[in-house]
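Colleague: what follows is a predicted structure for the sequence shown.
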Amino acid sequence: MLERLNQALDHLEACLGGDIDMAEVARIAAVSEYHFRRLFSALAGMPLPVYVRRRRMTLAGAEVLAGELTLLDVAVRYGYGSGEAFARAFRSVHGIGPGEARRTGAVLTAQPRMSFRVVVEGSTSMRYRIVEKASFRVVGRKATVPLVHEGVNAAAAAHVASLDERAIVRMKALAGGEPAGILSAVVHLSGSREEGAEVDYWVGVAAQPAAEAEGLDTLDVPAGSWAVFDNLGPYPSGLQELWRDVFSQWFPSNPYASRPGPELLLTQPVEVGAETSSQLWIPVERTGGSAAA
């Protein structure tokens with residue numbers, strides 16, 4: 001049954017840019033349209049039309065930010081006959097109109113592509129914005145540590161504890177632009193994200209490209225696009241779950257792919273389990289199409 005439901009969702013996803021024949025979607029799921037709508041709502045926790053609108057506006061949001069099409073062209077692509085109707089739908093999902101989003105590069109809401117397994121994935125919205133950032137230099141101290149998916153990373157914590165006050169003062173003096181303040185940066189040394197895989201772990205700041213960094217390590221980062229995610233949750237589990245969800249849910253549901261570069265994290269360390277606000281920066285590039293099938 002779940003396999004047929006997922007096949008139906010695959011077909012629905014492929015039709016987001018046009019008219020959706022819900023009777024055909026239900027036929028693929030091997031149930032009546034009435035039963036499919038009720039079943040989807042019960043499993044997903046939201047009505048089917050709401051999910052369809054959120055998915056369309058997720059893809060439309062990426063098109064709006066890209067600026068390659070007029071707003072009316074984006075509206076027509078996602079099934080809206082007028083700019084006004086599109087703007088209403090866009091605002092209902094993202095909280096702002098498409099014109100404002102294009103002008104300001106504001107925070108948008110991504111509805112992950114949903115699939116049914118033993119648990120439901122993709123039922124939680126993720127807040128993000130796309131930032132075009134000029135080249136910069138990470139200035140700080142680097143250590144090679146293993147990846148830890150759950151709990152405190154002892155090696156990373158030891159590296160942070162080893163920093164002397166003079167180095168921190170020097171870093172802060174060199175900080176300039178977004179992301180502001182002391183940050184951590186992770187550079188993956190292989191294609192693996194498995195537990196224990198080695199990464200270069202930086203503690204430092206984002207500085208100007210030619211910043212003099214005597215006595216500190218440097219990493220030059222080229223210009224490019226970044227997906228920025230805000231998070232409020234327990235430390236460090238909330239961050240680890242956000243990192244996982246970005247790669248397991250957000251990327252498959254949005255027309256972006258990760259590109260080489262450091263993954264940046266701004267956070268305020270607190271006691272384990274205490275709530276803290278954080279910001280995760282992931283280097284991305286547009287794939288030029290809709291979400292992956």
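Modeller: Yep, it's here. Residues are numbered from 1 along each chain as shown.
Colleague: lowest-confidence helix or strand of the chain?
Modeller: In the chain, no helix or strand scores lower on mean pLDDT, DSSP states H and E than strand 120-121, which sits at a mean of 58.
Colleague: quick one: strands adjacent to whichever helix or strand comes after it?
Modeller: Where DSSP states H and E defines the elements, the next helix or strand beyond strand 120-121 is strand 126-133. Partner strands and pairing direction for strand 126-133 (DSSP bridges) are strand 108-110 (antiparallel), strand 224-234 (antiparallel).
Colleague: any idea which of those strands is most buried?
Modeller: When these are scored by mean count of other Cβ atoms under 10 Å, the highest mean neighbour count falls to strand 108-110 (a mean of 22). For glycine as for every other residue, the C-beta is placed from the backbone atoms N, C-alpha and C.
Colleague: ok, residues contacting that one?
Modeller: With contact meaning Cβ atoms under 8 Å, 6 or more residues apart in numbering, strand 108-110 is reached by 54, 58, 61, 65, 93-95, 101, 125-130, 250, 253-254.
Colleague: buried among those? Make that a PyMOL selection.
Modeller: Here is the PyMOL command that selects the buried residues among those (16 or more other Cβ atoms under 10 Å):
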select buried, resi 54+58+61+65+93+94+101+126+128+129+130+250+253+254
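Colleague: rewinding a little: adding mean pLDDT and distance to residue 216, write the strands paired with strand 126-133 out as JSON lines.
Modeller: Output for these, formatted as JSON lines (pLDDT from 0 to 100; distance: least, Cβ to Cβ, whole Å):
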{"stretch": "strand 108-110", "mean pLDDT": "92", "distance to residue 216": "35"}
{"stretch": "strand 224-234", "mean pLDDT": "94", "distance to residue 216": "23"}
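Colleague: wait, which of the ones you listed is closest to residue 166?
Modeller: In terms of Cβ to Cβ, the element of the strands paired with strand 126-133 nearest to residue 166 is strand 224-234, at 30.2 Å.
Colleague: just checking, next helix/strand downstream of the closest one?
Modeller: Of the helices and strands lying after strand 224-234 in sequence (DSSP H and E), the nearest is helix 237-245.
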